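Enquirer: A predicted structure for the sequence below; I have some questions about it.
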Amino acid sequence: MSITWILVANASAANLYANYGPKKGLKKLKEFEHTASRNKGLNLVSDRPGRFNGHGNNHGSFMPATEPKQNEAQHFALELAKELDQGRTANSYQRLILVASAPFIGLINSNLDGHVKALVSDSFEKDYTKESEKQLTKYLEGCIYL
């Protein structure tokens with residue numbers, strides 16, 4: 001029997017489901033929430049950007065290499081990738097389906113271990129985090145045996 005894990009995610013929330021075979025449906029394994037990704041960018045930094053003296057009388061301000069919201073999304077993607085790798089190491093699944101919002105799926109993919117990437121059978125750039133399990137099964141019926 002082949003177990004399929006389905007990760008449904010966006011930058012602030014994720015659900016991990018399992019399908020244990022034909023006629024078994026989906027079972028929610030775990031919910032993830034990353035509230036920091038929902039905060040406004042100004043609330044994610046402690047103060048204004050630093051300043052530096054430029055040439056002559058000019059002054060400039062330091063701007064971070066990545067925006068605070070992007071940084072939080074990166075942390076969440078790394079957390080999810082670690083969870084998927086732990087599941088792979090424990091042999092909890094043999095196949096993986098990723099369903100994530102368009103910008104966030106790239107962050108997840110960039111953090112996945114090569115062994116986990118090899119288990120990804122399907123990938124969808126959609127945000128289905130607010131969908132019911134019943135609706136989700138309709139969207140995924142073409143790639144899993146429900």
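Expert: On my side now, so go ahead.

Enquirer: tell me which element Tyr128 falls in.
Expert: Using DSSP states H and E, Tyr128 maps to neither a helix nor a strand.

Enquirer: what pLDDT does it get?
Expert: Tyr128 carries a pLDDT score of 95 in this model.

Enquirer: cool, Lys69 as well?
Expert: For Lys69, the pLDDT comes out at 73.

Enquirer: are we agreed that it is in a helix?
Expert: Yes - the assignment for Lys69 by DSSP: H, G, I helix; E, B strand; the rest coil puts it in a helix.

Enquirer: do you know how far it is from Glu83?
Expert: From Lys69 over to Glu83 the distance is 21 Å, taken as C-beta to C-beta, to the nearest Å. Backbone N, C-alpha and C define where each C-beta goes, glycine included.

Enquirer: next: Val116.
Expert: For Val116 relative to Glu83 (C-beta to C-beta), the value is 10 Å.

Enquirer: these two: who's more crowded?
Expert: Neighbour tally, Val116 and Glu83, criterion other C-beta atoms under 10 Å: the higher count belongs to Val116, 22 against 17.
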